[in-house]
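Chemist: Sequence first, then the predicted structure:
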Protein chains: 2
Amino acid sequence: MQDAPNRPYHHGDLRRAVIETALDMLREEKGWQFTLREVARRAGVSHAAPYKHFPDKAALLAELAMIGFDRLREFLSAAKPTTPKSLRDEITAIARAYVAFGMDNPALYRLMYSAEEGQAVGIHLNERALAVFDILLEVLRRGQAAGSIRKRPIEGQAAAGWGLIHGMTMLAIDGLLVPEKVGSAPLDAALSTLVEGLGSPATLGAPATTSVRGRKTKLSE
Amino acid sequence: MQDAPNRPYHHGDLRRAVIETALDMLREEKGWQFTLREVARRAGVSHAAPYKHFPDKAALLAELAMIGFDRLREFLSAAKPTTPKSLRDEITAIARAYVAFGMDNPALYRLMYSAEEGQAVGIHLNERALAVFDILLEVLRRGQAAGSIRKRPIEGQAAAGWGLIHGMTMLAIDGLLVPEKVGSAPLDAALSTLVEGLGSPATLGAPATTSVRGRKTKLSE
DNA sequence: GCCCCTAAGTAGTCACTGTCAACAATGTAT
DNA sequence: ATACATTGTTGACAGTGACTACTTAGGGGC
């Protein structure tokens, strides 16, 4: 270069710098379609340097996605009220934090759930994702033990919760939950619905009599 | 070309052919990261020909996404049982069809909810998406009128439903609803939870006593 | 103190992409 | 028939991910 001969040949910690720069770009742009060369450029390094630290672009994206899940898990843990008044409070707090995380980091969030397109990276990635899932599982398990949550297969309940929150987050990011169409607090409304669905039979009585039981309802085959 | 002088100079209906070819490629590959040149190649046409019909690649993607929403709406309408035994049956049928559509067309489905990254195309796209939303709205409205659905702001309930189903679909596509972790029929479990949450107080009794009423639960401010 | 080894940079190249401009073939209105 | 708009074509351009070969900084063994 002509203007930076003082820059040391060895960067020091280029790996971290690349990740940091990429995270910055995720924060600035809304998509994750940045180029590796641009990352290198902004890190002040030649276009091939990142390849010394990541085998290819997909590897970097996978790394970013894993960091995203880690941050999300930490964020949710931090948002969990220390002395919740009720299980509903706890679930509500977690759900709000989750959606807030997604809306604050739309590109990162979208990347987290898109990185699987890079095939087999999914293994480790799913581990991180399921670690987030476990937070929800734990709350529900405690709720079942305390009797305030229906005694149903807990994974189904957790899947319902995760699906709901994930779905609402994606819709919110996509701008599909416009206030005029959907009211000002769609998440809370949805959460009420969900929590009431999870609520224990002691208060709610028997499930509706509309005969789900006898039907073969396997989806996954 | 040297081997295809018999191909007529004018294709006839290249616009449709490009769309059709692109849809094929969406069906084959799991991502929507196909190249425009490849589409042109498979359509048997020069690499720049599609530009006579689409200003750029994003325009084609947006068109595909709209087609996807249209197909989804038709598919859901067709799946709606003609003489439903109950509202639960109806909701269940729609939800299953929705998830099935997503799992049968993972790349297209993902594209449908990713195309907004191409900025302002979102207007028309959201129209199509909201047309799907309206199907759900209509069912719920009918349910409220019949008394089998709680009288709550219907947009919140619909958002809950859409969010849940959309989220479960995405998770299913991503392979995050693995059977070992989550049971074999997570959707049905989630649906039970949802429908019980939507269910009218007449059957279900008063909502859980975990004090939702008095609390300010606005999220969006 | 010296030498050499290697990790971590560099530049250069390749095939490929999206996009555009210039040109050719085709159908159509006058 | 002739001018024209449409819809193809070819060829170019810059920018990309990926790979290779070269160069350098810095540390450990002697």
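Modeler: Thanks, I have it.
Chemist: ranges for the helices of chain A?
Modeler: A:14-28, A:36-42, A:57-79, A:87-104, A:106-112, A:122-146, A:154-173, A:179-182, A:186-198, A:201-204 (DSSP state H).
Chemist: and those as CSV, adding distance to DNA strand C and mean neighbour count?
Modeler: In short, each C-beta sits where N, CA and C put it, glycine included. Compiled in CSV, the helices of chain A are given as follows (distance: least, CB to the nearest atom of the strand, whole Å; neighbours: other CB atoms under 10 Å in any protein chain shown):
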stretch, distance to DNA strand C, mean neighbour count
helix A:14-28, 3, 18
helix A:36-42, 7, 17
helix A:57-79, 13, 18
helix A:87-104, 28, 20
helix A:106-112, 20, 23
helix A:122-146, 21, 17
helix A:154-173, 23, 25
helix A:179-182, 31, 14
helix A:186-198, 34, 26
helix A:201-204, 53, 16
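Chemist: Redo the ones you listed as JSON lines? Include distance to B:His11 and mean pLDDT.
Modeler: Formatted as JSON lines, these follow (distance: least, CB to CB, whole Å; pLDDT from 0 to 100):
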{"stretch": "helix A:14-28", "distance to B:His11": "40", "mean pLDDT": "95"}
{"stretch": "helix A:36-42", "distance to B:His11": "36", "mean pLDDT": "97"}
{"stretch": "helix A:57-79", "distance to B:His11": "35", "mean pLDDT": "96"}
{"stretch": "helix A:87-104", "distance to B:His11": "43", "mean pLDDT": "92"}
{"stretch": "helix A:106-112", "distance to B:His11": "36", "mean pLDDT": "94"}
{"stretch": "helix A:122-146", "distance to B:His11": "40", "mean pLDDT": "85"}
{"stretch": "helix A:154-173", "distance to B:His11": "38", "mean pLDDT": "88"}
{"stretch": "helix A:179-182", "distance to B:His11": "41", "mean pLDDT": "54"}
{"stretch": "helix A:186-198", "distance to B:His11": "46", "mean pLDDT": "82"}
{"stretch": "helix A:201-204", "distance to B:His11": "62", "mean pLDDT": "46"}
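Chemist: Turn those into CSV, columns for distance to chain B.
Modeler: As requested, the helices of chain A are exported to CSV (distance: least, CB to the nearest CB, whole Å):
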stretch, distance to chain B
helix A:14-28, 13
helix A:36-42, 15
helix A:57-79, 11
helix A:87-104, 4
helix A:106-112, 8
helix A:122-146, 6
helix A:154-173, 2
helix A:179-182, 4
helix A:186-198, 2
helix A:201-204, 5
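Chemist: which one of these lies closest to B:Ile91?
Modeler: Nearest of those to B:Ile91, taken as CB to CB: helix A:186-198 at 12.3 Å.
Chemist: how far does the closest one sit from the chain's center?
Modeler: When distances are taken as CA atoms, centre = their mean, to the nearest Å, helix A:186-198 is centred 19 Å away from the chain's centroid.
Chemist: repeat for stretch A:144-154
Modeler: 25 Å.
Chemist: swap in stretch A:44-62?
Modeler: Distance, centroid of stretch A:44-62 to centroid of chain: 24 Å (CA atoms, centre = their mean).
Chemist: One more: stretch A:159-171?
Modeler: With CA atoms, centre = their mean, you get 10 Å for stretch A:159-171.
Chemist: how about that stretch as CSV, C-alpha atoms only?
Modeler: Provided in CSV are the C-alpha atoms of stretch A:159-171 (Å, rounded to 0.1, in the frame of the first residue of the first chain):
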residue,chain,number,x,y,z
ALA,A,159,-41.9,-26.4,20.4
ALA,A,160,-45.2,-24.4,20.5
GLY,A,161,-43.5,-21.7,22.5
TRP,A,162,-40.4,-21.6,20.4
GLY,A,163,-42.3,-21.7,17.2
LEU,A,164,-44.6,-18.9,18.3
ILE,A,165,-41.8,-16.6,19.4
HIS,A,166,-39.6,-17.4,16.5
GLY,A,167,-42.4,-16.9,14.1
MET,A,168,-43.5,-13.6,15.6
THR,A,169,-39.9,-12.4,15.5
MET,A,170,-39.5,-13.2,11.9
LEU,A,171,-42.8,-11.6,11.0
